[in-house]
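Take this sequence and fold it.
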Amino acid sequence: MNSAERQHAIATVLIHRRHETMANLASEFGVSRRTVVNDIAAITCSLPVQTARGNSGGVTLADWFRPHRSTLCPEQAAAIRKAAPLLTGEDRQALLSILYQFSVHPEAM
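Purely as a prediction, here's the structure:
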């Protein structure tokens, strides 16, 4: 496995597990911890990952990043935001839940 294939495999692991330690990744891919650190540095160019040291450290994928989730385009999200005030009760809640579930930045409701 070359470095590009390994980086893709590590990215896939992070997308599914959301958090992993450098030591576990090194063991899983049969490389040194330093190699994993270098791979993570390369992966940060394309994925929103954070690293931390210590007992609960490792590499974590940002909570908001869900690459397999379907998302609304900005125009669709804007239309939902525009329509939401026209509704009340359960209808408004249902519409806002669609915005939250499928918008890239749901906090901007």
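
For the residue sitting nearest the centre point of the chain, give its distance to Arg53.
Centroid-nearest residue in the chain: Phe65, 2.3 Å away (criterion: CA atoms, centre = their mean). Plainly put, Phe65 is 22 Å away from Arg53 if you go by CB to CB, to the nearest Å. For the C-beta atoms, the positions are set from N, CA and C on the backbone; glycine is no exception.

if we can go back for a sec, tell me if I am right that the residue nearest to the centre of the chain is in a helix.
No. Under DSSP: H, G, I helix; E, B strand; the rest coil, Phe65 sits outside any helix and is assigned coil.

Gln50 is in contact with that one, correct?
No. With contact defined as CB atoms under 8 Å, Phe65 does not count as touching Gln50 (10.8 Å).

re earlier: got a list of what the residue nearest to the centre of the chain touches?
Phe65 is in contact with Leu47, Pro48, counting by CB atoms under 8 Å, 6 or more residues apart in numbering.

Quick check: the gap between it and Ala4.
Shown here: Phe65 relative to Ala4, a distance of 21 Å by CB to CB.

Phe29 too?
Taken as CB to CB, the span from Phe29 to Ala4 is 13 Å.
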